[in-house]
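K.L.:
Could you look at this predicted model? Sequence included:
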Amino acid sequence: MAFHIRPTQPPARRLVKLMASLAQILCLALSPTYSQSPKSEQDRQLTHPEATAAAAAARKPRKPVALVIGNSDYENAPRLANPANDAHDMAGVLKSLGFDVIHKDNQSADKTKKLIREFGERLREGAGVGLFYYAGHGVQVNGRNYLIPVEANVLRETTIGYDAVDVNQVLAEMESAGNELNIVVLDACRSNPFARSWRSSESGLAQINAPEGTLIAYATSPGKVASDGGGRNGLYTAQLLRYLPQPGLSLTGVFMQAGAAVKELSGRTQVPWVAMSITRDFYFNRSVVKADRVADPATGDREFWDSIKNSADPEDFRAYLKDYPKGLFSSVARNNLRRIEASVRTVDANVNESKGNTRVKEDAISEQTRAQVDALIKSGDANRMGGRYDSAIIDLTEAIRLNPNATMAYAVRGATYQAKRTLDLAALDLTQAIRIDPTFAWAYSTRAQVYVARGEPNLALSDLNHVIRIEPKNYSAYNARASVYRSLGRNDLAASDEQRQMDDLSEAIRLNPSSAPAHTARCDAYRMQIKLALALTDCTAALRLDPKYAPAYALRGDVYQMKGDYDRAISDLSEAIGIDPAYYWAYERRAEAYRHAGLTKMAEADAQKAKEIRAKQ
């Protein structure tokens, strides 16, 4: 069987949400070529007044740069009252805080893309800090977020990449500039204006992993819809405008305070969300940050405790006790830690007994029935992968009737319910699979995705901890847990998990440096972390080792697509399809590349081919 890399797009494939999330490969700096002038001539050039002025200008710190867009006057979608006002007011506040602001309203797709390129050029001049703000309609498709231009009429979700603007284009420009800090604010979580004409539609925006040095702020939590507001400004932007200029309030403080205000004012129906991977402080109102300003130690203690008190992850309580060994809540933290550790030991002690009991029950089933159950599970899983969810549920329910202890039947049916977004039934089935086999890592991992979709990250963390305990080398679980930590603002733990994931993959390559699959797996991990230069290096290494390895071509093609190089993307994806004509994911990714390149008919043909292959598998 050919090894197929399938898209990993948060949250649907890797929690939340993962993935969302694409950035451009860092540009290589060209080495300057100096003329062979005599030394004396060079000396005269260096001491020329214009050269001196230019050197002084180069040393002068540049302003941070912001691109602000507000789309209100839609031609084929409901008009929005606030975005143009929001963008106007946001641009004014950012200018007052020292930003060099590019501000435009009611932009077409072409104009928006041109603005993003201009924004990238300004950043590459050495701004150091970049901020992108967008208010207007926005939608998610397959884990990617798109900004809707004013002229768009997206009748089918399959054309979204051509009709709208991928947020990842902004992230790519920011990453290529090599900034110390990038900030993306999306007040674009309104209801999908084209939902009626689409076959399927997910609400709000998808959470995507923040690239290194980036903070991404959403007006509400992933998959949820935000209000456009009844006053001059939208609810979320109004609070940002309130807190951005406040003296001494840090970057994270601004979004925490604004988020808390929105949550309270909306009666908890709108909860802003932040994904970040930052390691430095930033103050919008920098002129009034006092060096002698001392925080109350009890405040940090309480804030840390409030962030973990409902956690099911023992690492949270260990981290608290490390920072506050004699803190206000240290006794409760130790009790919680002992309770969680005792629960883990109980699960471990019951594993062998559970396996033994299951074996006795399995032995009571005839070989004929067992074969029938296996066939139903295989058929159900094929239907699930092909999107035929109702047929899958029928097959798997019959398998459970014939064998009430068929662990895999419960797990696959749970995954099917998850795909249908019937989350409560999914959790019940996956819990039953875990009861039968407490060492079933895939069931824990899938249930973790369900918990994230239900907005229960602490339960997701608990399940991912079980996965890692059962399979310490499961690098996908580390990646998933890092995503949950990021969503909770625990960036220290997220960074540790991401490093562990890379350590495991690098160790696999060290042990077997001639393994094309090992290099390809690390390429995929770098791709998900938006480290595109490293991803390209690993996929290229895989292809040197095995020039006929289709997954490496497919992944490298997708990396090229993420950085906007559609010709190379199409070339690599075509190679993958030539090697493995049944590689449906390669058809899906090539379809998107064709759309970006304006080759609509070829894109539609590839999308149809992918659909046909999925239906047969």
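P.N.:
Received, thanks. These figures come from a predicted structure and were not determined experimentally.

K.L.:
Skipping adjacent residues, who's closest to Tyr324 in space?
P.N.:
Asp301 (5.2 Å; CB to CB, 6 or more residues apart in numbering). Yep, even glycine has a C-beta here, placed from its N, CA and C like the rest.

K.L.:
Please tell me how far the most centrally placed residue in the chain sits from Gln107.
P.N.:
With distances taken as CA atoms, centre = their mean, Ile208 lies nearest the centre of the chain, 2.3 Å away. Applying CB to CB, to the nearest Å, the value for Ile208 to Gln107 is 22 Å.

K.L.:
Glu604 now?
P.N.:
27 Å.

K.L.:
of those two, who's got more company?
P.N.:
Neighbour comparison, Glu604 and Gln107: the larger count goes to Gln107, with 21 against 16 (by other CB atoms under 10 Å).

K.L.:
in the stretch 101-250 of the chain, which spans are strands?
P.N.:
All strands of the stretch 101-250 of the chain, identified by DSSP state E, counting those that start in this stretch, fall at 129-135, 138-141, 144-147, 165-166, 181-187, 214-218.

K.L.:
Nearest spatial neighbour of Glu398, chain-adjacent residues omitted?
P.N.:
Spatial nearest neighbour of Glu398, chain neighbours left out: Leu376 (5.5 Å); criterion: CB to CB, 6+ apart.

K.L.:
Go through the host helix or strand of the one you found and flag the buried ones.
P.N.:
Using DSSP states H and E, Leu376 maps to helix 367-385. The neighbour-count check on helix 367-385 (16 or more other CB atoms under 10 Å) flags 372-373, 376-377, 379-385 as buried.

K.L.:
before we move on, what about stretch 419-437?
P.N.:
Using 16+ other CB under 10 Å as the test for burial, stretch 419-437 gives 422-423, 425-430, 432-434, 436-437.

K.L.:
what mean pLDDT would you report for that stretch?
P.N.:
Averaged over stretch 419-437, pLDDT sits at 87.

K.L.:
Now do that stretch: everything it contacts.
P.N.:
Applying CB atoms under 8 Å, 6 or more residues apart in numbering, the external contacts of stretch 419-437 come out as 354-355, 358, 384, 387, 389, 405, 407-408, 410-411, 413-418, 440, 443-444, 446-447, 450-451, 453-454.

K.L.:
Convert it to CSV, retaining C-alpha atoms only.
P.N.:
Extracted in CSV, the C-alpha atoms of stretch 419-437 (Å, rounded to 0.1, in the frame of the first residue of the first chain):
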residue,chain,number,x,y,z
ALA,A,419,-16.3,14.1,11.2
LYS,A,420,-20.1,14.8,11.2
ARG,A,421,-19.6,17.2,14.1
THR,A,422,-21.9,15.1,16.3
LEU,A,423,-19.5,15.7,19.1
ASP,A,424,-21.4,14.2,22.1
LEU,A,425,-21.9,10.9,20.4
ALA,A,426,-18.3,10.9,19.3
ALA,A,427,-17.1,11.4,22.9
LEU,A,428,-19.3,8.5,24.1
ASP,A,429,-18.0,6.0,21.5
LEU,A,430,-14.4,6.9,22.0
THR,A,431,-14.8,6.7,25.8
GLN,A,432,-16.2,3.2,25.4
ALA,A,433,-13.3,2.2,23.2
ILE,A,434,-10.9,3.5,25.9
ARG,A,435,-12.8,1.6,28.6
ILE,A,436,-12.3,-1.7,26.7
ASP,A,437,-8.7,-0.9,26.0
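
K.L.:
can you give me the offset of it from its chain's centre?
P.N.:
Remark: stretch 419-437 is offset 24 Å from the chain centroid, using CA atoms, centre = their mean, to the nearest Å.

K.L.:
Repeat that for stretch 241-258.
P.N.:
Counting by CA atoms, centre = their mean, stretch 241-258 comes out at 24 Å from the chain centroid.

K.L.:
For that stretch, measure first residue to last.
P.N.:
9 Å (CA to CA, to the nearest Å).

K.L.:
what comes up buried for that stretch?
P.N.:
Neighbour-count burial for stretch 241-258 flags 241, 243-244, 249, 251-252, 254-258 (criterion: 16+ other CB under 10 Å).

K.L.:
what do you get for stretch 605-617?
P.N.:
Buried residues in stretch 605-617, counting neighbours by 16+ other CB under 10 Å, are found at 606-607, 609-611, 613-614.

K.L.:
And stretch 571-586, by the same measure?
P.N.:
Within stretch 571-586, the residues that count as buried by 16+ other CB under 10 Å are 571-573, 575-577, 579-580, 583-586.

K.L.:
quick check, nearest of those residues to Tyr162?
P.N.:
Leu573 (16.8 Å; CB to CB).

K.L.:
Thanks a lot, catch you later.
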